[in-house]
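Trainee: structure here, sequence nowhere to be found:
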Ligand SMILES: Nc1ncnc2c1ncn2[C@@H]1O[C@H](COP(=O)(O)OP(=O)(O)OP(=O)(O)O)[C@@H](O)[C@H]1O
Ligand SMILES: Nc1ncnc2c1ncn2[C@@H]1O[C@H](COP(=O)(O)OP(=O)(O)OP(=O)(O)O)[C@@H](O)[C@H]1O
Ligand SMILES: [Mg+2]
Ligand SMILES: [Mg+2]
């Protein structure tokens, strides 16, 4: 059975229909990569799954329960879903370490020492241990991105939503994050990743989905979608990279 | 003669020395690409050149004048240098169009209509004409990045500092921005670009510089630095991408 | 896309949300009404209520006092309007001085901080006394003697220090990357303030700014100690005739009647323009 | 890296900057001193100055009045401290109610808005009269009659509406993406407010918040109309003895002396913790 | 003085209804008397109502004695002008604070019989434009001030009909300050206070003259009691007795200067 299942999801801002009759199935432990033009609705999709936006129509089911039902307990659902925002959204008044321990301590009831230990370990894995006491404003772009990744991953959510998480990282770090994600996946984490880096998509994806104007145009294994796209729009989108 | 010349530049935040005895020469019309690990000081370097940070030591000369001299007219210097920030820094209270016309109207004295015409043209080139009246907060990541690019380029500065300007763009848009930069370069604009995308660097660079811990470790034409790096650190950095 | 019709499920959800909203409104209205009625009955049945009603809420007395109190209010309004302009200008200037950076501007910062500290700390009444009785006592040539002018000056001095702090909070709350972006485009310090920092700053501090103007409107009456008649003083004069406090209540209601439209309008504009928060999200 | 020595050029720049900073301080100090001296001479040579000095600035009278006025000030301080706690709590609660989202909370928002509008609009004096004279007049059983209590209640009602607006400005100025980030981590609405929104909000509105506490400290004296003696009232009593206004000036100076350390301390802490702006950049 | 109409509120039934132990006082055995602080000359002396000096203080002790209270049994308390007539229970038995009796005010409080027939006067400083005024009409152009809440203010408005709005002040001290600053041409006060001010507060003070009694009625100061107080009748009786035995007249001679003020026509 699918862990996550979207059917007929629609989201509009005023007249701008951003997601239109969107459907997607993600099985447990699967890594689905979303690609598509800028503005095609990838980030909005992740925000809807995390209940940060209310969908205008359609159903989003997580492990069989309809999370878009207004009767659902949004806080509990969100605490099992992690998200790394495209714009990081770190808490500027907290140090990097405090950013990463806030949810473990307050939501998951992890003792403070244990939470710090785990957070420092995670910061270590993204190469940010020496910046644990720095404020987000004093970090470089790539450092902020890694802090945001660590903050989300330290909660070991069952479903992880990752929005362009390698955009500010150098090739070395991209490799390390890739390793990290692979580890977590082998521990059973399900992932939904937005990215513009096709190489990254190819490396990690079980399924690649191509979004176009808020609809799922094409999906399948990376080899199929990235190398042999069936839709003309997908072909056009991917042409640039291969040249 | 060099348009931009840095000698012995040093910048530290507290004990953290971010730029250390940094030197670089950029000739007029040249396109220099800075690569290096996250936190190696690339963004700080651009901020120093644009006088948004005061250097702790060293000289930065633009067209032969020392712009780090405290007697220099910083406003005038900045108006000839454009910068696209890694975090965009759009003005949230202004529409995309107003973001792009603010400097032309207020700094360069372009008549309002003319400024709007030029800005819309530039927004068109980055595929953002239909979002001209939107507020930055209502834009997707890639749309914000393109708005920031348009805002900087519409002033046609002589020196352009571009920080990770393709990080949120899809492959199609990266191609378009590349075309745009090539056009501007052929019109004589000098560029200093930070990027993590080696493919992009290879496409546009006349000179690639590898930064390591605030020092310029290696520089030369892309073919040399990216394919045959002489320094072991550079080799290590680049190994990941080729595998 | 425009021919989208909500699905049955979605219609059910919309209905559910409306039911909940309606129910909460209902609960709120009913409980408020019940509470009000209970309080009214409770107060109405106390032994002292008839006297209290006669003393504070006598409709006929209110009607008689209205014209006099309203005339006093007109003074409050005029003083407030004229002072408000000066206060905004001076307050803004002080806030800008205080937020200048760099050691060269140290003396200006110190001056602005000292001004704020002193005039915010001094009781308004004292400033009014010092200016309203002290300056005319100097018998300077060519300097006006009128109580309203010196009282107004005292209001401006005191309130500009409050407003300066409000503006300062707004200015400091704009992220420095916004300044950096503006300066990088070649905007001067002044232009950066005018086009980038202040528009964002002022929007954020609208509520406390309104606070200050509402209380200025009321404190404008303090110049009554210099012998002019504002709304509260008019009420006091009326009260002295027959020891009935109703005129005070009339004055209070008039003040509220002045304030509410101002507040509601500002809030409406602010919300429409998206000055507050991001508006509307569910979180 | 630690063995870095500034270059000769850099030393020259540092020296230049220091010279400029020193020169600007010098200019500021000299011009202030000159101005002050001129004003002092100007005022000192007016025909009325001896009278004004004797009336407002009589050192001996000041010394005599000091203990009495200081005792009155002690009342202001106590009333202010007790009320401040309640005001912060109620003001914060109102601000939170007003910033709740969604139609279910519409009635709560309306309630909070109405409360703010009414109590911000009503003159404090009227609220004090209504509570201080009106409530005891109801002759309720078991309800305290003390003037200070009802006067304090009036202060709390009025000031909590001001403080609510200040907090609201702070809350609304936190970017919605911060809420989104907190909720996405599983924090509840309350936790999001407590750990993410309020810490940022309160820091941003420290200056206007202090405004309100400084003026609360002074307005706490308004309960003097109910027959208790605060600093200003004490000054008035002293003034009545010999028609000398010096005691008022003493009261004013005491207020300023109370306010300045508070303000300076808050500012110092805020700046150290980086609550204001990004600190230190050149733009 | 014309017949006092105020004593009729509640006539004590028996002769000893006003015996000390039957009196409706708040605390048996003490007489709680309120007045504002500061207590002004010449009605009180040295801001100390308990010293028995000053007209109102002396009258109070005389009344207390008539009612059978010892000097030590009179307890003074501070009552601001506003709370003297606020509704609700009072802590004082009566308040003495130069409050003029009027029918309007009687709706809110009880008054005793008047203990002083008061005349309003205009004072100024030498050299002022009204210093030599002889008639009320000559005052109409002047800028006048008075204490807020007093009948001085209302009487002057009614009789003089000043062309410039009269300036109300919280206290007479502030009005004096404004007069010294030439912000006012004159102050309207009750005559005894006017004499005191010209003598003690102003360097070159001058009484312009007394205003004619407004609408032919004599204005009187009376003690203020809680509305419906059981003490009113006995208090009025005591005041009337002091009036008829000449005590009040003697005390007026001792404490109040009222001679030598010209009548304004
Ligand atoms: N305002 C600041 N205060 C303190 N340290 C800072 C500040 N800005 C940057 N740094 C530190 O300086 C170093 C260099 O930062 P910089 O932003 O120049 O890196 P970068 O090369 O652009 O990295 P990235 O590729 O991740 O954007 C980092 O270690 C960062 O933490
Ligand atoms: N709050 C909002 N209000 C109005 N329009 C919005 C809002 N957020 C997003 N949009 C619009 O919705 C569309 C989809 O945005 P979204 O952020 O989902 O794109 P995306 O696929 O993530 O793009 P990118 O790759 O550039 O990040 C865009 O056209 C954007 O302008
Ligand atoms: Mg996106
Ligand atoms: Mg960077």
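Mentor: On my side now, so go ahead. Note that this is a predicted model, so its numbers are computed, not measured. Numbers count the residues shown, from 1 in each chain, chains lettered A, B, ... in the order given. Ligands and ions are numbered 1, 2, ... in the order given.

Trainee: when you work out contacts or count neighbours from here on, use the C-alpha atoms and nothing else.
Mentor: Fine.

Trainee: quick one, what contacts residue 156?
Mentor: In the absence of a named chain, chain A is used. The contact partners of residue A:156, by Cα atoms under 8 Å, 6 or more residues apart in numbering or on different chains, come to A:82, A:189.

Trainee: meant chain E actually
Mentor: The neighbourhood of residue E:156, defined by Cα under 8 Å, 6+ apart, consists of E:188, E:211.

Trainee: try it again with 10 Å
Mentor: Residues counted as contacts of residue E:156 (Cα atoms under 10 Å, 6 or more residues apart in numbering or on different chains) are E:120-122, E:136, E:139-140, E:144-146, E:162, E:166, E:187-189, E:211, E:214.

Trainee: what separation do you get for it and residue A:206?
Mentor: 97 Å (Cα to Cα, to the nearest Å).

Trainee: so residue E:113 is in which element?
Mentor: strand E:110-118 (DSSP states H and E).

Trainee: output the contacting helices and strands for the helix or strand that that strand is followed by.
Mentor: For strand E:110-118, the succeeding helix or strand toward the C-terminus, using DSSP H and E, is strand E:120-125. Under the contact criterion of 3 or more Cα pairs under 10 Å, 6 or more residues apart in numbering or on different chains; DSSP states H and E, strand E:120-125 touches strand E:144-147, helix E:151-160, helix E:172-180, strand E:186-190, helix E:191-196, strand E:205-210.

Trainee: for the ones you listed, give me CSV that also has distance to residue E:131.
Mentor: Shown next, in CSV, are those (distance: least, Cα to Cα, whole Å):
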stretch, distance to residue E:131
strand E:144-147, 13
helix E:151-160, 16
helix E:172-180, 13
strand E:186-190, 9
helix E:191-196, 14
strand E:205-210, 6
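
Trainee: nearest to ligand 2, of these?
Mentor: Closest to ligand 2 of the helices and strands packed on strand E:120-125 is helix E:172-180 (Cα to the nearest ligand atom; 60.9 Å).

Trainee: quick one, the closest one and strand E:120-125 angle?
Mentor: Our comparison of helix E:172-180 with strand E:120-125, counting by axes from the mean of the first three to the mean of the last three Cα atoms, to 10 degrees, yields an angle of 50 degrees.

Trainee: residue ranges with poor pLDDT in chain C?
Mentor: Applying pLDDT under 70 to chain C picks out residues C:1-2, C:145, C:276-283.

Trainee: and the helices in chain A?
Mentor: Remark: helices assigned in chain A by DSSP state H are A:42-49, A:74-80, A:96-106, A:112-125, A:141-153, A:171-186, A:198-204, A:222, A:232-242.

Trainee: count the residues that sit near residue 23.
Mentor: In the absence of a named chain, this looks at chain A. If you count neighbours by other Cα atoms under 10 Å in any protein chain shown, residue A:23 ends up with 17.

Trainee: actually chain C
Mentor: The number of residues packed near residue C:23 is 13, by other Cα under 10 Å.

Trainee: check which helices and strands the helix or strand hosting it sits against.
Mentor: Applying DSSP H and E as the criterion places residue C:23 in helix C:8-44. Judged by 3+ Cα pairs under 10 Å, 6+ apart, the packing partners of helix C:8-44 are strand A:57-62, helix C:49-56, helix D:106-121.

Trainee: quick check: mean pLDDT across the first one?
Mentor: I take that to be strand A:57-62. Mean pLDDT, computed over strand A:57-62, is 93.

Trainee: tilt between it and helix A:42-49?
Mentor: Using the same axes, to 10 degrees, the direction of strand A:57-62 lies 70 degrees away from that of helix A:42-49.

Trainee: chain A versus the residue positioned nearest the centre of chain E, what's the distance?
Mentor: In chain E, the residue lying closest to the centroid (Cα atoms, centre = their mean) is residue E:98, at 2.2 Å. Residue E:98 sits 63 Å away from chain A, going by Cα to the nearest Cα, to the nearest Å.

Trainee: find the nearest non-adjacent residue to that residue, please.
Mentor: With sequence-adjacent residues excluded and distances taken as Cα to Cα, 6 or more residues apart in numbering or on different chains, residue E:98 is closest to residue E:221, at 5.6 Å.

Trainee: secondary structure element for that neighbour?
Mentor: Using DSSP H and E, the element containing residue E:221 is strand E:219-225.
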